[in-house]
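In: got a predicted model here, sequence first, then my questions.
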Amino acid sequence: MYIGVDLGGTNIAAGIVNDSGEIMLEMSIPTLSERAADAIIDDIKSLILNLIKEFGLSKNEIKGIGIGIPGLADADGNVIHCVNLGWNDVPLTSKLKQEFDVPVFVDNDATVAALAENFCGAMRGAESGVLLTLGTGIGGGIVFGGKVYSGFNRVGSEIGHMVIGDNFYDCNCGKNGCLETFASSTAIIKYTKKLLEETNEESLIRDKINGDMGKLNAKIIFDCAKAGDSLAEKSVRRLVKYLAIGIENVISLIDPQVIAIGGGVSNAGQYLLDMVIKEVEKYKNYKELPIGKIVIAKLGNKAGIIGAAMLCK
Ligand SMILES: [Zn+2]
């Protein structure tokens, strides 16, 4: 049995995961991210101890602990940088090893999710796969031969920060034109808000949010687009266009067997997928040659726990 921990800005979810990537028991607690790193790490330790106790295991029956973080970690499991948590240079692995005498691995959450999708999800068994998680930002994970690839300095696979055009607002990273400012849930909300504010165009969205822009979310926009609302469709088409350009860049660089789209935006499902596949065809380099499969990710928010545990394998 392995322990997988999905450390997020809002919640910490952890689970006991077996060799097949199945979650046998899962628990979660709020992160309360404004606290100091040590307090959060103490909570992670308690959460793992509770899981082990509840499942009837002892500490030495655990083969390893994997942790996915919304940031960057080095090969020794030091968290170098984690914006959402305000962490810089936090020795996460060595702090956990004070409590648990097992191997501990730390990696980026999208990278970990890619590993899970490759092990038992939408990219199962693929010799090469790329996962794009379209949430508040865009995460990227690359898997070759069952192993994650993050680059020489582990700063690779940041697909969300590939610059693909000029945009009307800057990315959190300080640049302008990052993929995540075009194709994340934040991006489609910002663009739709701009359309609603700058035009008088009629839209179902106006009824749904009743004048309160704070109520606007990606689901409302996609639902209205599916219902044929032209303003919502304009927003969705823009997202699809830039997402397709981003995917085509990934194909030009890696040509993976499978590209999976996950994160909250992927809840738009087949509707989104059909448009993206069609759009990628427009941009692809070799029109006469095939490209890898583009699919919707399967494991949802379970990918974080499963993939973190699979880091130990
Ligand atoms: Zn960026």
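Out: Sure thing, it's come through.
In: quick one: name the residues of the protein near the ion.
Out: Residues of the chain lying near the ion by C-beta under 5 Å from the ion: His161, Cys171, Cys173, Lys175, Cys178. The C-beta positions use only the backbone N, C-alpha and C, and glycine is treated the same way.
In: for the fourth one, give its distance to Val163.
Out: Right, the one you point to is Lys175. 6 Å (C-beta to C-beta, to the nearest Å).
In: for the closest residue to the ion within the stretch 201-313 of the chain, which residues are in contact?
Out: Scanning the stretch 201-313 of the chain for the residue nearest the ion gives Gly246, at 12.2 Å (criterion: C-beta to the ion). Counting by C-beta atoms under 8 Å, 6 or more residues apart in numbering, Gly246 touches Leu132, Ile159, Met162, Ile164, Leu179, Phe182, Ala183.
In: swap in 10 Å and give it another go.
Out: 132, 134, 138, 140, 159-160, 162, 164-165, 178-180, 182-183, 280, 283 (C-beta atoms under 10 Å, 6 or more residues apart in numbering).
In: what's the local residue count around Arg238?
Out: By the measure other C-beta atoms under 10 Å, the count of residues near Arg238 is 17.
In: what residues are up against it?
Out: Applying C-beta under 10 Å, 6+ apart, the residues near Arg238 are Phe182, Ala183, Ala187, Ile188, Tyr191, Thr192, Leu195.
In: swap in Ala75?
Out: Taking C-beta under 10 Å, 6+ apart as the test, what Ala75 contacts is Thr93, Phe105, Val106, Asp107, Ser150, Asn153, Arg154.
In: taking those residues one by one, which sit in strands?
Out: Among those, DSSP state E puts Phe105, Val106, Asp107 in strands.
In: just give me the closest of those to the ion.
Out: Asp107 (19.9 Å).
In: how close does the closest one get to Val143?
Out: For Asp107, the distance to Val143 - C-beta to C-beta - is 12 Å.
In: could you do Ser230 as well?
Out: For Ser230, the distance to Val143 equals 39 Å [C-beta to C-beta].
In: so between the two, which is more surrounded?
Out: Using other C-beta under 10 Å as the criterion, Ser230 and Val143 rank with Val143 on top: 27 against 12.
In: can I assume that one sits in a strand?
Out: Yes: with DSSP: H, G, I helix; E, B strand; the rest coil as the criterion, Val143 is located in a strand.
In: surely Asn108 meets Val148?
Out: Yes: counting by C-beta atoms under 10 Å, Asn108 touches Val148, with 8.6 Å between them.
In: tell me the centre residue of the chain?
Out: Computing the C-alpha centroid of the chain and ranking residues by C-alpha atoms, centre = their mean puts Thr133 first, at 3.6 Å.
In: now it: how far from Ala297?
Out: In terms of C-beta to C-beta, Thr133 sits 8 Å off from Ala297.
In: between these two, which contacts overlap?
Out: Ala113, Ala114, Glu117, Ala260, Ile261, Gly262, Gly263, Ser266, Ala303.
In: residue contacts, the fourth one?
Out: Translated: Ala260. 113-114, 117-118, 121-123, 126, 129-133, 141, 266, 293-299, 303.
In: kindly report the same for the second one.
Out: With contacts taken as C-beta under 10 Å, 6+ apart, Ala114 has the following neighbours: 107-108, 121, 123, 129-133, 139-143, 148-149, 157, 260, 262, 297, 303, 307.
In: confidence score at the residue nearest to it when sequence neighbours are not counted?
Out: The shortest distance from Ala114 to any residue other than its chain neighbours is 2.5 Å, reached at Gly141 (C-beta to C-beta, 6 or more residues apart in numbering). Gly141 is assigned a pLDDT of 96 by the prediction.
In: circling back to that earlier point, and of the contacts of Gly246, the nearest to the ion?
Out: Checking the contacts of Gly246 against the ion by C-beta to the ion gives Cys178 as the nearest, at 3.2 Å.
In: I'd assumed Thr186 was in contact with the closest one.
Out: No: the criterion here is C-beta under 10 Å, and Cys178 misses it with Thr186 at 11.2 Å.
In: so the two - more neighbours on which side?
Out: Using other C-beta under 10 Å, the more surrounded residue of Cys178 and Thr186 is Cys178, with 27 against 20.
In: who touches that one in this structure?
Out: 137-138, 158-165, 167, 170-172, 184, 187, 246 are the contacts of Cys178 under C-beta under 10 Å, 6+ apart.
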